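1. Need coordinates for the following:
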Amino acid sequence: MNTRLLTGGGLAIAVVLFFTVNVLSHVVFRSARIDLTEQRLYTLSEGSRNILQGLDEPVTLRFYLSKKLAVELAGIRGYTSRVLELLQEYEQAAGGHLILHVIDPEPFSEEEDRAVGYGLRGVPIDQGNAQFYFGLVGSNATDDRELIPFFQQSREEFLEYDLTKLVYRLANAKQKVVGLLSTLPLDGGPQMPFPPTAGGGPPWMIMDSIREVMEVKVLDKAVTDIPEDVDVLMVVHPKRLGDPTLYAIDQFVLRGGRTAVFVDPHAEADRVLPNPRNPMGMQGPRNSDLGPVFDAWGIELVDGKVVGDLPLAKRVNFQKQDRTMVADYPVWIDLTPRQFNAEDVVTAKLPNLTMASAGILRKKEGSAVEWTPLVETDDQAMQIESARLQFMPDVEGILRDYRPGDETLVLAARLTGKVKTAFPDGRPPVEATDEPKEPEAAGVGKETEHLTESAEPINVIVVADTDMLQDRFWVQSQNFLGQRIGIPTAANNDFVTNALDNLTGSHDLISVRNRGSFSRPFTLVRAIQQEAEARFRQKEQALQQRLKDTERKIQDLQKRKEDQTTIILSAEQQAALEGFRQELVATRKALRNVQHELQKNIDSLENVVKFLNIGLMPLVIAVGGVVLGAWNMRRRQRSA
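-> So this is what the prediction gives:
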């Protein structure tokens, strides 16, 4: 009796302990997490943690998710869970300064009306009126808003970057300022260096794209100090800049200023206007460089060379005598995602780029700068003398002399790391010809501390082409009711705005890594499946061809039979017709068998994989337990 009581009491205590431990562990270890994924997909980058922990004012995130509809969408259901779990990780890391609301907008509800009012996009998933919402709205204490209208699964590698950028913008809501230093008329007006003519030209359409995301401050080309309110400096075609201006760029970068530099060995847009006082001026060079500043950064633009890449060449029209010819022009190239850095947020999702007479960037031997190529050529590119493009390019001659190379050439790169100044002796003297037109805007006379090396790692993007900014290489402009409308033919504007947007972020934001893909397909299984499909497809194609031949023969005989006035089918032909019909039925049956066999093999492979992943391990453990139990029993019997 006592034994039964003890046994019953022990069971009761065990049950109580079981529930107690579970409840306590849920409370105590509720925030505990361990990330065992290969690419640490659920571990926030240090940059994200720094931004979240540095929030001074509360940020509110409203995550709109149609939960019931998400359950029905197998392809996206897993991704919705990933986004929610990552948002919860953000909430925890922010230490109370980030408030997360998860909202399920039912059809025709007030929540759905608010989602639409915020600018979220609902996706119809059936013939009814139900809309699937999967977006995020963020707001700060001053009611500034940032949003992700819909979480595109194609951007899952950059999910953390997109979320951190949204939070960062809410914490730093002031519009960013880009300082434009250009010797090309990007913002309208005549070609430098001549005085403006009446009216001038319109701004390049790239400026419309830039102004959509930030404020633009145009700097004089003789600027001697970069204004303090400039968040990112955009230098375009720095041709014959004076030392005081180069010094201003040098010191801006050393102080942590982010910079995008567009240089060119042969700028097609740099068409010098006729000057009666200097008739030979039109034959002047069209190249640009940052000279000593590039030397200090440890990089170079290869002198006198442009890229030629026949596999990427654009088709162009050119005149030969009195005829218009069409040919591939290797100097003008259409770049595809294969030439872009898939790990950098600036280039990862670009569909294409167009460049013209682009240059070659190289990291100098012994340079300590960290060098990350963003855009490269095909491995068959060659270097072409830029002098061949000085006047009227010889398209046929360039094609005739084309010799494929054996390496990729860098067209754009990101530079990071610590660098030294290009002016160790300090600020160079300002000559009379270097004085800017607007001294106050340029900051002339304002003395700042001379830096001999960067205070923190620099972040600079260098592009060896300026023509990619020109309208004719990326956009078709149309006039609609007096308004200029642009129809992009390449993503050059996206590249520029991506670069500027990325550079305006903090060091922490720029450091946020590519998280990798949440999707983990069975690549080996897929390869086996594709191999099996290829074998069966060959057999299927042979049967399809046999089917077509048989149908054609039947049609020929039937046509002859219908024309009774000229031809009467013989007994042999009637037998042949019947034979063809039987062959047609047999071929269709064989084709169905092949298709069924293919699906059967795929299903069989799927079942094997399921067994290996689901059934094999429990079976191994069970067998191991039986073997271990038998071994223990035999050992006890021997000792007894």
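
2. Report the separation between residue 67 and residue 84.
-> According to C-beta to C-beta, to the nearest Å, residue 67 stands 10 Å off from residue 84. In short, each C-beta sits where N, CA and C put it, glycine included.

3. Let me fix that, I meant to ask about residue 500.
-> To residue 84, residue 500 is 31 Å away according to C-beta to C-beta.

4. Compare the two (neighbour count), which wins?
-> residue 500 (24 against 16; other C-beta atoms under 10 Å).

5. For the more buried one, which three-state class applies?
-> At residue 500, secondary structure determined by DSSP: H, G, I helix; E, B strand; the rest coil is helix.

6. Could you check stretch 346-366 and say which residues are buried?
-> Using 16 or more other C-beta atoms under 10 Å as the test for burial, stretch 346-366 gives 346-350, 352-363.

7. Name the nearest residue to residue 307, ignoring sequence neighbours.
-> Sequence neighbours aside, residue 358 is the residue nearest to residue 307 in space, at 4.9 Å (criterion: C-beta to C-beta, 6 or more residues apart in numbering).

8. hang on, that neighbour in a strand?
-> No. Counting by three-state DSSP, one finds residue 358 to be coil, located in no strand.

9. residues in contact with residue 372?
-> If you count contacts by C-beta atoms under 8 Å, 6 or more residues apart in numbering, residue 372 has them with 341, 344, 413, 414, 415, 416.

10. Tell me where the stretch 51-200 of the chain has strands.
-> If DSSP state E, counting those that start in this stretch is used as the criterion, the strands of the stretch 51-200 of the chain fall at 59-65, 98-103, 123-124, 131-132, 134-139, 145-148, 177-182.

11. Tell me who's in contact with the nearest residue to residue 171 once chain neighbours are set aside.
-> Nearest residue to residue 171, sequence neighbours excluded (C-beta to C-beta, 6+ apart): residue 55, at 5.7 Å. Residues near residue 55 by C-beta under 8 Å, 6+ apart: 94, 97, 98, 167, 171.

12. helices and strands of this protein: which one bottoms out on pLDDT?
-> helix 439-442 (a mean of 46; mean pLDDT, DSSP states H and E).

13. which helices and strands does the following helix or strand past that one pack with?
-> Reading on from helix 439-442 to the C-terminus, the next helix or strand found by DSSP states H and E is strand 458-463. Contacts defined by 3 or more C-beta pairs under 8 Å, 6 or more residues apart in numbering; DSSP states H and E place strand 458-463 against helix 243-254, strand 258-262, strand 410-417, helix 492-503.

14. could I get these as TSV with mean pLDDT?
-> Shown next, in TSV, are the helices and strands packed on strand 458-463 (pLDDT from 0 to 100):
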stretch	mean pLDDT
helix 243-254	97
strand 258-262	97
strand 410-417	97
helix 492-503	94
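
15. Out of the ones you listed, indicate the one that is most buried.
-> Stretch with highest mean neighbour count among the helices and strands packed on strand 458-463: strand 258-262 (a mean of 25; mean count of other C-beta atoms under 10 Å).

16. Give me the sheet partners of that one and which way each runs.
-> Take DSSP bridges as the rule and strand 258-262 pairs in its sheet with strand 232-236 (parallel), strand 458-463 (parallel).

17. And it, how far out from the chain middle?
-> Centroid displacement of strand 258-262 relative to its chain, using C-alpha atoms, centre = their mean, to the nearest Å, is 19 Å.

18. Using PDB, write out every CA atom in it.
-> The C-alpha atoms that make up strand 258-262 are tabulated as PDB, following Å, rounded to 0.1, in the frame of the first residue of the first chain:
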ATOM      1  CA  ARG A 258      30.900  59.800 -48.100                       C
ATOM      2  CA  THR A 259      31.700  60.300 -51.800                       C
ATOM      3  CA  ALA A 260      30.700  59.000 -55.200                       C
ATOM      4  CA  VAL A 261      33.200  59.700 -58.000                       C
ATOM      5  CA  PHE A 262      32.500  59.400 -61.700                       C
END
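
19. rewinding a little: any idea which of the contacts of residue 372 is closest to residue 253?
-> Closest to residue 253 out of these is residue 415 (9.3 Å), distances taken as C-beta to C-beta.

20. can you put the helices and strands packed on strand 458-463 in TSV and add distance to residue 45?
-> TSV is the format used below for these (distance: least, C-beta to C-beta, whole Å):
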stretch	distance to residue 45
helix 243-254	24
strand 258-262	19
strand 410-417	16
helix 492-503	15
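
21. Of these, which is nearest residue 307?
-> Counting by C-beta to C-beta, residue 307 lies closest to strand 410-417 out of these; the figure is 6.7 Å.

22. Identify the residues contacting that closest one?
-> With contact meaning C-beta under 8 Å, 6+ apart, strand 410-417 is reached by 297, 299, 307, 335, 344, 346-347, 355, 358-363, 368-377, 457-465.

23. tell me the angle it makes with strand 458-463.
-> If you take axes from the mean of the first three to the mean of the last three C-alpha atoms, to 10 degrees, strand 410-417 sits at 170 degrees to strand 458-463.

24. from the middle of its chain, how far away would strand 410-417 be?
-> Distance of strand 410-417 from its chain centroid, counting by C-alpha atoms, centre = their mean, is 16 Å.

25. Could you tell me how many residues sit around residue 91?
-> Using other C-beta under 10 Å, residue 91 has 16 other residues around it.

26. same check, this time on residue 145
-> Residue 145 has 16 nearby residues by other C-beta under 10 Å.

27. In contact with the nearest residue to it once chain neighbours are set aside: list those residues for me.
-> Of all residues not flanking residue 145 in the chain, residue 139 sits nearest, at 5.2 Å (C-beta to C-beta, 6+ apart). Residues near residue 139 by C-beta under 8 Å, 6+ apart: 59, 60, 62, 145, 146, 170.
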